[in-house]
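In: sequence first, then the predicted structure:
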Amino acid sequence: MPLDLSRLHLGCPYYPEHWPEARWADDARWMRGIGLTVTRMAEFAWALLEPSEDRFDFAWLDRAVDVFAAEGFQILLGTPTAAPPIWLSRRYPETLPIDDQGRRRNVGGRRHYCPNSPTYRTLSRRIARAMGERYGGRPEIVGWQIDNEFGGSGSARCYCEHCVTSFRTWLIERYSTLDALNTAWGTDFWSQHYADWSEIGAPILTNNAANPAQTLDYARFMSDSFVRFQRLQIEALREVVPAEHVFTTNFMGLFTQLDSFELAQDLDWASWDSYPTGNVFRWGAQTRNPGDLVPPYAFDVGDPIITGLAHDLTRGLKQAPFWVMEQQAGHINWESVNTLIRPGAIRLWTWHALAHGANGIVYFRERAALPAQEQYHSGLLKHDGTPDLGYREVSALAPERALMEAVAAHPPRARVALRYSYDDLWALQIAPHRKDFIYQRLIFVWYAALKHLGVDVDLVPPGAALDAYAVVIAPTAHLADAAEAAGLEAFARAGGAVIVGVRSGAKTTENAFTAQPLPGVLGGLVGANVSQWGALPDGVTFELTGELPGLAEPGAGFWVEALEPLPVADIRVLAAYAEGPWAGHSALTEHTLGQGRALYVGWYPRQAQAEAVLRRVLPMHNVPIETDLPPGLVLNRRGPYTMLLNFTDWPLSATVAGETFVVPGRDIVVRRMADARDDR
Amino acid sequence: MPLDLSRLHLGCPYYPEHWPEARWADDARWMRGIGLTVTRMAEFAWALLEPSEDRFDFAWLDRAVDVFAAEGFQILLGTPTAAPPIWLSRRYPETLPIDDQGRRRNVGGRRHYCPNSPTYRTLSRRIARAMGERYGGRPEIVGWQIDNEFGGSGSARCYCEHCVTSFRTWLIERYSTLDALNTAWGTDFWSQHYADWSEIGAPILTNNAANPAQTLDYARFMSDSFVRFQRLQIEALREVVPAEHVFTTNFMGLFTQLDSFELAQDLDWASWDSYPTGNVFRWGAQTRNPGDLVPPYAFDVGDPIITGLAHDLTRGLKQAPFWVMEQQAGHINWESVNTLIRPGAIRLWTWHALAHGANGIVYFRERAALPAQEQYHSGLLKHDGTPDLGYREVSALAPERALMEAVAAHPPRARVALRYSYDDLWALQIAPHRKDFIYQRLIFVWYAALKHLGVDVDLVPPGAALDAYAVVIAPTAHLADAAEAAGLEAFARAGGAVIVGVRSGAKTTENAFTAQPLPGVLGGLVGANVSQWGALPDGVTFELTGELPGLAEPGAGFWVEALEPLPVADIRVLAAYAEGPWAGHSALTEHTLGQGRALYVGWYPRQAQAEAVLRRVLPMHNVPIETDLPPGLVLNRRGPYTMLLNFTDWPLSATVAGETFVVPGRDIVVRRMADARDDR
Amino acid sequence: MPLDLSRLHLGCPYYPEHWPEARWADDARWMRGIGLTVTRMAEFAWALLEPSEDRFDFAWLDRAVDVFAAEGFQILLGTPTAAPPIWLSRRYPETLPIDDQGRRRNVGGRRHYCPNSPTYRTLSRRIARAMGERYGGRPEIVGWQIDNEFGGSGSARCYCEHCVTSFRTWLIERYSTLDALNTAWGTDFWSQHYADWSEIGAPILTNNAANPAQTLDYARFMSDSFVRFQRLQIEALREVVPAEHVFTTNFMGLFTQLDSFELAQDLDWASWDSYPTGNVFRWGAQTRNPGDLVPPYAFDVGDPIITGLAHDLTRGLKQAPFWVMEQQAGHINWESVNTLIRPGAIRLWTWHALAHGANGIVYFRERAALPAQEQYHSGLLKHDGTPDLGYREVSALAPERALMEAVAAHPPRARVALRYSYDDLWALQIAPHRKDFIYQRLIFVWYAALKHLGVDVDLVPPGAALDAYAVVIAPTAHLADAAEAAGLEAFARAGGAVIVGVRSGAKTTENAFTAQPLPGVLGGLVGANVSQWGALPDGVTFELTGELPGLAEPGAGFWVEALEPLPVADIRVLAAYAEGPWAGHSALTEHTLGQGRALYVGWYPRQAQAEAVLRRVLPMHNVPIETDLPPGLVLNRRGPYTMLLNFTDWPLSATVAGETFVVPGRDIVVRRMADARDDR
């Protein structure tokens, strides 16, 4: 039976190689007993599947598949390329990556491979195909996870000779001629002119900064390298497995170094590994604004807005229900402080994933490992094999399964799109111009504002089709090109609202500054020019005047731009600077085009300021908002179901769609609404 | 005359190579004049002793020995292997170590050698033996310091080809078969399976963490490498010097990277280099808990509890009187702030060392050096050759010498043992699981508590004989094995008290997690299981209830464990959690076994909490405690002598054994007690 | 017409290679139109001037010169050696430098060359000479900038094989014999004795510190290497260009890694690149004392005292009017926070430079670059080619030009000399002994005190002629030698005042500690010995007593020395320690010699304490002081002109020379004084 991605699945990976074979049947039994029907196997087992080059041993995995098949599991296999065997790295040391300090990385961890190594590509294709040949015919095998957490463990960038050679090929494809490259990169600056493709190298170990166009291209190239590496395996497998097999890889949420939209192109569905308590530490600094506290209730449940953003980004990769391929089910082991988990957390995470559009939730992992690197990571069972918190909470979901399945039957739909661009992210990493000008943090300001207003949102890449949306927000459209500008303008003219923010239109695709007045190609959309722009240091803000409630405080700081409305009829100034060198100049404009409008927010807003803008725009475009949600109470809708999740330890109440809800601490309320809004 | 290690000796190193020969006699004379009778020479003089390979020049050292012999000095010679000559490193660059970034280290500092280099071993043996042959027959030469500060200057770990080869040999000895190694290391995880010994390398430059068993084994291997390197020299010397020559090396107190217990095995006595003002900076962060202030009086005397711990650890290496081979005698030069030293400090340090069991105190150094790396380090004389503070304070000890010698005649004895394990320390460095979970800091909590109660304490390695003790404390017995567990249980049954703390019994010798219920092999001793455990973030604590005064505040934080008494008769719950997910579960249990008892402290205690436990247990086992010692006033006993040392600048008083003492600021009171307790 | 360095010039660099040729004439026209008469070209254009080895293309530059000549510009050409072409580095990879981690640096930034590479030297000489041959005959070419920002972008130190070889030659010249070197470096310490010149290497990657004499010599050697590299080019050019051509390089103000005095020897005039807002971040930590706030008005104008110090240091390089070769004219791009610039800043910087002795101010740059590394750096025009703030402010200078030219006609003269020594700076970097004991910060204490008192000051190297001065201040004369000591004593005896501070006379030229009583060779000048010295930790100070108003607070901390007056008649104790171990010992002495005096300030003073000393000494030596200058108001005199610059945004007033001035916020008042003081 093929895997039905439109329905709910709960699961747990299983590592037969970690446990005595005598335990396997027991493990399959209790896993099935608590309601799990899916498992994932083999994604780190290359050394056991191919103990020496071109000699395969599938017998043990056959038996493990037998055991889980007997319990009725649907099985995903992982291609094991995230962990090359020792024999491989020792025999072919050129497959080991070179880091940005010029050092050859070593065996002994994971992800120590170069995706552009011809040898590694050949051997990866071979093991993937061999697995496909072996298991393609088994009905309980339903799909594949390619590799594991592409880019993780510091592996997203390699600077080895193979990469440099491939980079040159990539550049030839992109620029065709050296003249074009020299122009695009601006190599007349600092005497960097290339006279031969072979002169081009990787942008590391430079004195002073490397060329920003080269650096951005190298980021794109490395991202493409993993896309090609993933595709190599998918193609190898598709040749030998049934057509109904489905393919995914497990993404890493807000991980920034690879373009997840590109990686998702070749996949049937997207999944990610969700570890909320670790992500508070890992992503907190790149999402929350300085001075905004991590919510005090977050120590053992994570920040639900950060988790939600990662869910929504993953859903956005295919604009379809996704999976949590690894769902935290106890404490983790890889952050600076790995806090203990209190009761209720795992149920909350499960519902939270479902509410954001997850149709598969795979709890990591069956039992805490005894030896090796992840022995401090918990599982559904403790080290000693007895049930841990995760086991108990997953078991207790049984009475709620019917409701969960009902929710899962509805694909999530949002009326607001939030533009998310890896090119922009990388370009701003290369030149933040102001410390802490972090792309994801600017995205987060708007995302958090939307969630505080109870709005569901889709994350979309630049150039995505927009017809399903009422409002599109681009916190910055930094590298927007003319085609995207035209698309946004058409969207607005057709009745949509577009909100764009600072630094939009500032850069070309080649990461050069536009020679047009700012906001560059977006000038027609915005109906105003940015005459002045720049950064303010901490503690300095310029007062704002304007009519929008809640906009003025705390003034404009961090990054500010002065706007000059173009001599067009339909421009309205919603806020202006009340002090500073640009006193009297516009700070927020609204341009009416056709049936819709475009707003330009001319400073880096605080969340409350973003909310002020949204409170004006969303209702005008028939997107309902809630204004009564307390922090820690998260609202999501999926089909006719409205879900309120309380991440605090105390009861919270809110009036939603005119109805008052009281949600106990660390609990969930799900309501099928009479006037369900999914039939737009 | 052999060196009598049972009596007091004061001394000072002498560097004849740093001064014109015309000064030597004068220097010997004033050194003798202020009461010094021991000197140390030549430990950095290899280039002068062997100016080119296999060509020796001992004439200058002969004359220096003559000069100090004429003044009646007993002389220790240092083998000069801590500072290879330039010619050696240039001719044999493979003797230079490789650091954890893969870089070959350079000449020009010190300790730039690999202890596993066959060439370096050969040349080291040769210079040691040549010195032994030359000086074995001179009666004023009484012993040897092997090398200097093993592991210092970043030299404890080398990752060169020789080390990797030796590591493989070491592993073959340890595991015999690759199957055993693969099982012990858990190489089925992340595809790390080794098919040939030659595939094994050093755990550096990995993507993601290296295997923890491999990492721990590498730490043990490097420690053993220095043990073997030291032994090579001792054996070379013993072949040619008189049997009464004694051997030491100068340890570095709380230095963590080598197993000092192992290194001490081959030595006749232990010594260390004590620099209290530097150690406040160097070790403060790994001993004091965050938020515990460095004592305000410490800026020029150091923290006496930190210094005391290092004294006691050094004494514990041989469970016998030790030496301070380098005693700070003015300001130092190697910390971020090298504070000036005020009068009284050097006398205080001298008495402090003596009180902790030092029988030799060697003041570093004769005169501040003029050129080279240590020119900002003071000596007994200033740079210009006139007396500095150290000279004056050592001179002023004359009237106290008789009392000092009387104290020194009594070997220190303690009734409390504090378990100290380098394996545990390293395992927790590899996987702290919670930032700042530092082994030495946990040790320090208990050590500081004991000293605040005026209790003398021996530091003992895992598995040490315990019959001399009434109470044994293992703040954690993290890697305890079954034999040690049996020993502790026997000790308790025979009437002793055992106190163990969090994370005990969690790990196997191979640094894997135990598959038994926690505390693993210690379950029988403790009489309870740890059902849940984990870390809490800063600022989160769980309230405790219980009957022990002083235990409840400030609750349990940082690391907490829930205890479940086993269904045995003699378990008593002394504290339980009053809130949080484990409310009602036990936090502190006391298990009565035979004539004694075992307590499990189920959270990471603050010092006051450790004291609360000690105030219950020590009196029950007839270890007297003092409850009136103010901070800065340190109590030590040695034989019949009770010594109170005031490290503050103001008078302090305390009632000890029923008698009230008033100790002036930065002064010492020594009392021969009527009821001296050393005749147990 | 030769460049008249005694008159005012304003200018702007021009990068023809960055813009379409069609724009050049327009650009020349508007530049001339706003009053600019000087431009600089070609300093990063090697790849275009020599597209492949030994094939030159000057045609484009000929045409650019034609265009600017037609507008009447005087043109400086930059030799382009700061940015080697890609073909050069690829063909001769040995020209790429090795950093202190042993890594070969890469192409793609700038300054990636080794100044000791024979190949790079040959190729640099060739391009310089070729440019000289091409442009020597064109009358509008008036001078040369050699290279660009020597030492910048991390390029001041190279550790490649060529450098090591050259270092050995340099050492042979310095020490003649290995015996002399071994003695000077103290290689008997730690067995570092060199038996052959070829054994000597670079002081990197050592275990523990490298030898301090070697490290200081390596710093001197690298500085000399750039001096030689600059000279190579100047000599090549002088052979072929007219004698009236003038030579400079653009220094970097307070940059520490090269000896600017040495580099300036071969130049006709000095210039530097002034970026005040970046320098607040870049140099704030090495100038302002911890706890002293960066002035709150500084966010977009920089700290005028820091800027002033850099101006004065640059003027001191030739003791003559200097240029600002790159004057910030908008926001910059290279700091952590690149703040926006508010109106008035560029005019203020222009006048500030002029007031400190700048006769040339070249605004960087013509227009913000579109591609490559500096695209976020502003120019006089915006990216879109329209005027930016800098354009407007430079234009607005027109009415003030006559006054500016009048001021520029007067060479600045100061009666106070502040000694500045790169040897001292480096020696204290090598051995600060106390965190934050930074040479430039100690200089800054005195410089800020002088500026707060409205005093003009010359920065002079050790051993400079002093006859023009009334007062000489050496915040430390750390490595002063006997000749300098004699010069200072002669200066004092002839009626001058010498103020010296802590750590003076402590070191020999070879960076060893003096064996004489402190202050070593300065004992005769000071008339007192330093009997004790050392560092105090943060928060500890010793109270002072004494008669000087303002001296006592906040006591003496950080670094303190106890002084013992020599048994000479004319010593007076101005301050003494009132507490601490040195209570009663002198802290500040004044020694009367002949017609003058010498003061020793025995602790690291706070600015207010330095001012207290200056308020005593300056009036005694007829140097007028102002006591009414508020922070942010800067006073400078140039010839008969008194200039008051207000760097705040609010009006400030002060009484100067008996007359009250009110200066509006961010404005300037210039007054021709009746009693102009420049005719001393």
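Out: Alright, I've got the coordinates. Numbers count the residues shown, from 1 in each chain, chains lettered A, B, ... in the order given.
In: from B:Ala70, how far off is the closest residue to A:Pro80 other than its chain neighbours?
Out: Nearest residue to A:Pro80 in three dimensions, chain neighbours excluded: A:Trp46, at 3.6 Å (C-beta to C-beta, 6 or more residues apart in numbering or on different chains). Yep, even glycine has a C-beta here, placed from its N, CA and C like the rest. Counting by C-beta to C-beta, to the nearest Å, the gap from A:Trp46 to B:Ala70 is 73 Å.
In: for A:Thr350, same thing?
Out: 85 Å.
In: same check on A:Leu629?
Out: Between A:Leu629 and B:Ala70 the computed distance is 90 Å (C-beta to C-beta).
In: thinking again about what came up before, neighbour count for A:Trp46 and B:Ala70, which is higher?
Out: When A:Trp46 and B:Ala70 are compared for neighbours, A:Trp46 comes out ahead with 25 against 13, by other C-beta atoms under 10 Å in any protein chain shown.
In: was I right about the more buried one contacting A:Gly78?
Out: No - between A:Trp46 and A:Gly78 there is no contact under C-beta atoms under 8 Å: 10.0 Å.
In: could you report the pLDDT at A:Thr249?
Out: We have a pLDDT of 98 for A:Thr249.
In: my guess is A:Pro2 contacts A:Glu244. True?
Out: Yes - assessed by C-beta under 8 Å, A:Pro2 is found in contact with A:Glu244 at 3.9 Å.
In: for the closest residue in space to A:Pro242 that isn't next to it in sequence, give me its contacts.
Out: Nearest residue to A:Pro242, sequence neighbours excluded (C-beta to C-beta, 6+ apart): A:Gly136, at 6.1 Å. Counting by C-beta atoms under 8 Å, 6 or more residues apart in numbering or on different chains, A:Gly136 touches A:Leu237, A:Val240, A:Val241, A:Pro242, A:His245.
In: ok, these vs chain B, which is closest?
Out: Set against chain B, the nearest of the contacts of A:Gly136 by C-beta to the nearest C-beta is A:Leu237 (19.2 Å).
In: tell me the contacts of that closest one?
Out: Listed by C-beta under 8 Å, 6+ apart, the contact set of A:Leu237 reads A:Thr79, A:Ala128, A:Arg129, A:Met131, A:Gly132, A:Gly136, A:Trp144, A:His245, A:Phe247.
In: how about A:Tyr641?
Out: A:Tyr641 sits in contact with A:Ala406, A:Val407, A:His410, A:Val670, A:Arg671, A:Arg672, A:Met673, A:Ala676, where contact means C-beta under 8 Å, 6+ apart.
In: the same query, at a cut-off of 7 Å, please.
Out: By C-beta atoms under 7 Å, 6 or more residues apart in numbering or on different chains, the residues touching A:Tyr641 are A:Val407, A:Val670, A:Arg672.
In: top of those by number of neighbours, please.
Out: With neighbours taken as other C-beta under 10 Å, the top of the contacts of A:Tyr641 is A:Val407, carrying 25 neighbours.
In: report the buried residues of the helix or strand hosting it.
Out: Assigned by DSSP states H and E, A:Val407 belongs to helix A:401-408. Burial within helix A:401-408, assessed by neighbour count using 16 or more other C-beta atoms under 10 Å in any protein chain shown, is assigned to A:Leu403, A:Met404, A:Ala406, A:Val407, A:Ala408.
In: of these, which is the nearest to chain B?
Out: For these, the nearest to chain B is A:Met404 (24.6 Å; C-beta to the nearest C-beta).
In: for A:Met31, see how far away the closest one is.
Out: 18 Å.
In: still on that earlier bit, show me the contacts of A:Leu237 that map onto strands.
Out: Using DSSP state E, the members of those that fall in strands are A:Trp144, A:Phe247.
In: on that earlier part again, mind putting the buried residues of helix A:401-408 into TSV with pLDDT?
Out: Compiled in TSV, the buried residues of helix A:401-408 are given as follows (pLDDT from 0 to 100):
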residue	pLDDT
A:Leu403	98
A:Met404	98
A:Ala406	98
A:Val407	98
A:Ala408	98
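In: put together JSON lines for the residues you listed, with distance to chain B on each row.
Out: As requested, those are exported to JSON lines (distance: C-beta to the nearest C-beta, whole Å):
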{"residue": "A:Leu403", "distance to chain B": "26"}
{"residue": "A:Met404", "distance to chain B": "25"}
{"residue": "A:Ala406", "distance to chain B": "31"}
{"residue": "A:Val407", "distance to chain B": "28"}
{"residue": "A:Ala408", "distance to chain B": "30"}
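In: let's verify A:Val324: helix, strand, or coil?
Out: The three-state label given to A:Val324 by DSSP: H, G, I helix; E, B strand; the rest coil is strand.
In: does it touch A:Val362 like I think?
Out: Yes - the criterion here is C-beta atoms under 7 Å, and A:Val324 meets it with A:Val362 at 6.5 Å.
In: what about those two, which has more around it?
Out: Remark: of A:Val324 and A:Val362, A:Val324 carries more neighbours, 30 against 27, as counted by other C-beta under 10 Å.
In: any idea what the more buried one is bridged to?
Out: On DSSP bridges, the residues paired with A:Val324 through beta bridges are A:Trp272, A:Ile361.
In: please report how far it lies from B:Ile172.
Out: Where B:Ile172 is concerned, A:Val324 sits at a distance of 44 Å (C-beta to C-beta).
In: got a pLDDT number for A:Leu293?
Out: A:Leu293 carries a pLDDT score of 64 in this model.
In: pretty sure A:Gln595 contacts A:Ala494?
Out: Yes - with contact defined as C-beta under 7 Å, A:Gln595 reaches A:Ala494; the gap is 6.2 Å.
In: which one of those two has more residues nearby?
Out: Between A:Gln595 and A:Ala494, counted using other C-beta under 10 Å, the more crowded position is A:Ala494 (13 against 10).
In: sorry, back to before: and the contacts of A:Tyr641 as a markdown table, adding distance to chain C?
Out: Listed next are those as a markdown table, based on distance: C-beta to the nearest C-beta, whole Å:
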| residue | distance to chain C |
| --- | --- |
| A:Val407 | 46 |
| A:Val670 | 47 |
| A:Arg672 | 51 |
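In: now those in CSV, with distance to C:Gln440?
Out: Formatted as CSV, the contacts of A:Tyr641 follow (distance: C-beta to C-beta, whole Å):
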residue, distance to C:Gln440
A:Val407, 65
A:Val670, 65
A:Arg672, 71
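In: identify the residues contacting the residue of the stretch 101-250 of chain A found nearest chain C.
Out: Residue of the stretch 101-250 of chain A nearest chain C, by C-beta to the nearest C-beta: A:Gly186 (2.6 Å). By C-beta under 7 Å, 6+ apart, the contact list for A:Gly186 reads A:Ala213, A:Ala512, C:Leu370, C:Pro371, C:Ala372.
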